[in-house]
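**Student:** Here is a sequence with its predicted model. Questions after.
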Amino acid sequence: MSCRPCADAEANPLTGSIGFEDKCDGCAARSLAHSPLYFVAARSGALTPAYRDALQSRFGRAWKSAHEQVKAWAQRIDHARRKS
């Protein structure tokens, strides 16, 4: 957590999608977790070329660890949606 939108998302993952900071890695991971690119990859059970390209474009060599962050955010968001 490194910015206000990330802090808001930590408190409530459903409201965290309201804001994203461009230079924040946490925001980038949350943004991808909300994206159709991640949704398609998750549904297929594999890293699609488009999703992997998005990860590599934003995170460079750290794309694999970023993918783990995206998955964690997606799980938190899904869990919060199911609770509400």
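**Tutor:** Happy to help now that I have it.

**Student:** okay, and for the protein, where does confidence drop off?
**Tutor:** Low-confidence segments of the chain, defined by pLDDT under 70, are located at 1, 16-18.

**Student:** just the strands in this structure please.
**Tutor:** Taking DSSP state E, the chain contains no strands at all.

**Student:** For it, just list every one of the helices.
**Tutor:** Per DSSP state H, the chain carries helices over the ranges 4-11, 25-33, 36-44, 49-59, 63-83.

**Student:** Could you tell me which other helices and strands the second one packs against?
**Tutor:** Okay, so that is helix 25-33. Under the contact criterion of 3 or more CB pairs under 8 Å, 6 or more residues apart in numbering; DSSP states H and E, helix 25-33 touches helix 4-11, helix 49-59, helix 63-83. No exception for glycine: its C-beta is placed from N, CA and C like everyone else's.

**Student:** make it 7 Å
**Tutor:** helix 4-11, helix 63-83 (3 or more CB pairs under 7 Å, 6 or more residues apart in numbering; DSSP states H and E).

**Student:** now those helices in TSV, with mean neighbour count and distance to residue 57?
**Tutor:** Putting the helices and strands packed on helix 25-33 into TSV (neighbours: other CB atoms under 10 Å; distance: least, CB to CB, whole Å) gives the following:
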stretch	mean neighbour count	distance to residue 57
helix 4-11	16	20
helix 63-83	15	9
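
**Student:** Relative to residue 28, which of the ones you listed is closest?
**Tutor:** Proximity to residue 28, assessed across those by CB to CB, is greatest for helix 63-83 (7.4 Å).
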